[in-house]
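S.K.: need coordinates for the following:
(2 chains)
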Amino acid sequence: MSRITSQLSQKQLFWIVFAVLLAVLPQVYRLPMWFLPMTVVVVGYRFYAQLHQLKQAYNRILTVIAIAAMIMIIYSQGIGLSREFSVTILITMTVLKLLETYTMRDALLVVMLCYFVTMTRFLYSQDLLLVFYLLGSAFVTTHALSVLNYEKTVQWFDTSQLRATAGSLALAVPFAALFFLVFPRLGAPIWGSPDIFGEGKTGISDTMSPGSIIELFMDDSPAFRATFQDNKIPPNNQLYWRGPVLWNFDGTTWSRKKHSKTRARIQQYSETEPYRYQIELESTGQNYMFGLDYVVNSPSGAFLLPDSILYAPQKINQLRHYELESLLLDRFYQPLTESDRELLLDYPANQNLQTQQMMQNWQQQAQNPIEIINRALTWFNQEEFYYSYSPPPLSGDVIDQFIYESKRGFCEHYASSFTIMMRMAGIPARVVTGYQGGINNGEYLLVKQSDAHAWSEVYIEQENQMGYWLRVDPTSMVAPERVERGSRQIMDEKRNLIDYDWIRNFKDSMDRYRYRWNQWVRDFNVSKQQALFEILGVDHRDGKTLALMMAGILLVTGILSLIPIWWVKRRRFHALQKIYLDLAKLVRKQPHLYQTHHQGIETFIANMQQHYPKARSSLNHFLDTYLAARYSKKGNDRQKTLNHLQQTLLKIKQVIKQQPLQ
Amino acid sequence: MLSYMTNNLSEPLTQKNITDADLIGQIVASVGKKILDKTEAIETVVATLIAGGHVLLEDLPGLGKTTLAMSIAQVFGMDYNRIQLTSDMMPSDVLGVSIYDAPTQTFSYHKGPIFTQFLLADELNRATPKTQSALLEAMAENQVSMDGKTYQLDDVFFVMATQNPIDEAGTYNLPQSQLDRFLVSLSLGYPDAESERQLYSQSYMQSFKESLPALSNPEQLRSWQQQALTIHAANEVLDYLQLLVKKTRTHSEILHGLSPRAGLSLFRLSQSLAMLAGRDFITPADVQRAFYPVCRHRLVTKDNKPAKEIIKAIVHDTAII
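M.R.: This is a model prediction of the structure:
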């Protein structure tokens, strides 16, 4: 029976199944419900079959199972050329393949599939922690391959073989690094294009309905990182990272206004020194980019909308870096068109009548808008309002309900209510969403999804002067510590089961490594690669140079991979063998004679004596000394013998030199 | 050399200055006067004798098989018997027979021709398998069992069997297991022109009739046999030997390679050849020399290809540096 059709041992099967499970595990969360039970059944059956030596099921049955799995996948995920669909098929079929994995050939295929499945996890995220996990998965897969090829001992976890596997993986590291640096990069990853693969990412969206921000509060993943010039980080209460600005309110949901123009650069209207900083934005799958209020100028590849939103024409599907300048002010001078004014004063009619009544009273009593704003803020502060992550659900007249009944909520509720209150009092106002604050992580400021925030902007009209937008954050009246010290300070309630302080601290400090990882690995894009090529002296990355480079790399890789093989397989000669080879080298120019040195010294010297009769006695002497030194029982003084042989060799050399070639 | 030899014919062993290797050299030279141009074959036969093995000679008639056998028996001073095997021979014709002795009313055992020191079994493949195996069993066990009694053969017991490769009709080829009992097999072949020309000369004719003087005796042979066992083999040489044996098993053109017993035979013969060369250790060249005679009758090749080329190729392709 040839090796390729040989049956698998239990240990081999165990390692293959282990490798498959590890490769599949990190994707289980997004696979259909039936996937996990199916895996359990397949693996259970396969081990049962192995233990009871059941024969492989009929091909027809396996075909039926495969078709059934296909139908289930289409049923749960729909059909189409999407990332989800392709990866789900790959993973499901890899697991099902175990049903017919009885021989070496199939096992080798499964191992290859495992590597592939492991790689597909990178289509979803390239996070640092994930890299460690997938390295572990690759290790187990490689070890399965090793066990398939030879079983050193019967132990299931053979430490020496495990170590050998680690060694071979370590050997791959330099090659991986090399390929990482020089492999041609696409401008944007093909899976990053939402047109091909639909993407659902968390993050701030351009609508706000009750409870939409609460999901973000639960999410400690990073939104972006900001590195300030000279590490001058502004105080926390000035860190308003502007995101989508919401104009329209339909009674429950806020949404954006569509703009047809872009905003120009901010004129210097204040003496304040602008802050300069760089943002590393995690992929969001949306077009919004974040900056501190108010951004002076748009970075390249993006523009500013009239409501000061940073907007990228292409969706942000990979890590993005940009540099910004901001004036950290709470007001921004900008003219307001009449149509915009109307839009900003609009609120759903015949709703929230109680609030409407109160605001109309306030409007009549007040001298100017500032007074109304201050009154409202004071009111939020004095009345029994609480900041809470678990407010009671609202319906119908949501503003009335919130203000007069529940009085519990978070930024979303306060910003929304305040904005509508202002509109009812005749002051143009809008909701701004974004992030507030951030954690100083040493050299950069980490802003997490849980720092999501919403606040209001009101427009103050002035006589004889241009009006301005004023930032008002009603949440700061209810929970000042939210704005002063950051969202973490008001986490009085546990958000989930494992929400402990030390875990949050750990996660935040972990982000420092993630930041480095992003800097050195994830963000190694086309331009950085080009810079590297330039250092190497390759200026133009046209097809020809690239092809040449790839060929060169493959050649170098090939040679590099041969070195360890050569090193292991090289012949090692001891001193006596070396001196024999020296003797042989004397006649290297006579290939026919030289070749016979492989036949052993006796044959070779006999041949030499035929060619060089004058050296006969020296050669004989050399032979006798050599044979005695190498093969006899009594160990002569080794060094002395070697010296003696060396001298004899010199004599032979002289004779050979004197005698012309025959 | 010749005068020296003749001078010491009477007491060759008293000369302290003659080493064993020299004496063996003289023996080979002495036999070489009868069998011209076959020094290597003679050396192989002598080495086999010292290694305690048996020789299978495969040759056409008239190439000097009998002469070789007789010469060697003479120079070693051994008892010599010759049996011509035919298909009507019974085992008792070789081993001997128990005959009822009427006066003493007992069976007495009459020893067969096998009770000797040097047995030439001519045309072994003409005997029936029954007779063949009786002979070969005696060879292997160095004893004859008859009627519940065991009769020991001489402890220097040497068989030289011959086979005729042509005239195959009416012969029984030895099975592989029986062939394995012969340490070596060889074939003398034709002499070269010059030597053959010498055969016709007057002086050779004259000397051919005379028997060779004994240069040694069975006792000394026995001590040489003991001595050969102590010849040293370095690990490197044993590695080489084992590698050669292994290659016969993995070679694509060989169906059945050497058995471990054959490997041991190779080792023994290498030891004797080293002794012939006057060394107390084996060198790879000894193994190379011993390899062909040991393999010749043992290897089963594909499509009955001649083993000689394959064996040569194996030795050639196994580098010793």
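
S.K.: OK, contacts around B:D122?
M.R.: Counting by CB atoms under 8 Å, 6 or more residues apart in numbering or on different chains, B:D122 touches B:K65, B:T66, B:R82, B:I83, B:Q84, B:L85, B:A161, B:T162. Placement of C-beta: from N, CA and C, glycine included.

S.K.: and those residues, which are buried?
M.R.: Neighbour-count burial (16 or more other CB atoms under 10 Å in any protein chain shown) is assigned, among the contacts of B:D122, to B:K65, B:T66, B:R82, B:I83, B:L85, B:A161, B:T162.

S.K.: check contacts around whichever residue of the stretch 101-250 of chain B sits closest to chain A.
M.R.: Nearest to chain A, among the residues of the stretch 101-250 of chain B, is B:H232, at 3.9 Å (CB to the nearest CB). Neighbouring residues of B:H232 by CB under 8 Å, 6+ apart: A:Y631, A:S632, A:K633, B:D280, B:F281, B:I282.

S.K.: by neighbour count, which of these wins?
M.R.: Neighbour tally across the contacts of B:H232 (other CB atoms under 10 Å in any protein chain shown): the maximum, 28 neighbours, falls on B:I282.

S.K.: my guess is that residue meets B:R268, correct?
M.R.: No: look at B:I282 against B:R268 with CB atoms under 8 Å: they stay out of range, at 10.5 Å.

S.K.: what pLDDT does the model give the residue nearest to A:L305 when sequence neighbours are not counted?
M.R.: In space, A:L305 comes closest to A:H259 once its chain neighbours are excluded; the distance is 4.8 Å by CB to CB, 6 or more residues apart in numbering or on different chains. If you check A:H259, the pLDDT there is 78.

S.K.: tell me how many other residues crowd A:H259.
M.R.: 14.

S.K.: pull the CA atoms of stretch A:401-419 into CSV?
M.R.: Provided in CSV are the C-alpha atoms of stretch A:401-419 (Å, rounded to 0.1, in the frame of the first residue of the first chain):
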residue,chain,number,x,y,z
GLN,A,401,-42.1,61.7,28.0
PHE,A,402,-38.5,62.2,28.6
ILE,A,403,-38.7,65.7,30.1
TYR,A,404,-41.6,65.2,32.3
GLU,A,405,-41.7,61.5,33.1
SER,A,406,-38.7,59.4,32.7
LYS,A,407,-36.0,62.0,33.2
ARG,A,408,-33.4,59.4,32.7
GLY,A,409,-31.1,59.1,29.7
PHE,A,410,-27.8,59.7,28.2
CYS,A,411,-26.3,62.2,25.7
GLU,A,412,-28.6,61.1,22.9
HIS,A,413,-31.7,62.0,24.9
TYR,A,414,-30.3,65.3,26.2
ALA,A,415,-29.0,66.5,22.9
SER,A,416,-32.1,65.5,21.1
SER,A,417,-34.5,67.1,23.6
PHE,A,418,-32.4,70.3,24.0
THR,A,419,-32.2,70.8,20.2
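
S.K.: mean confidence for it?
M.R.: 87.

S.K.: buried residues in that stretch?
M.R.: Per 16+ other CB under 10 Å, stretch A:401-419 contains these buried residues: A:401-403, A:406-419.

S.K.: next: stretch B:49-69.
M.R.: Of all the residues in stretch B:49-69, those buried under the rule 16+ other CB under 10 Å are B:49-59, B:63-66, B:68-69.

S.K.: narrow these to those in strands?
M.R.: Counting by DSSP state E, the buried residues of stretch B:49-69 place B:V55, B:L56, B:L57, B:E58 in strands.

S.K.: nearest to chain A, of these?
M.R.: For those, the nearest to chain A is B:V55 (24.5 Å; CB to the nearest CB).

S.K.: who does that closest one bridge with?
M.R.: On the basis of DSSP bridges, B:V55 is bridged to B:M160, B:V184.

S.K.: test my guess that it contacts B:F182.
M.R.: Yes: if you go by CB under 8 Å, B:V55 and B:F182 touch, sitting 6.5 Å apart.

S.K.: so what sits against both of those two?
M.R.: Counting by CB under 8 Å, 6+ apart, the residues touching both B:V55 and B:F182 are B:A161.
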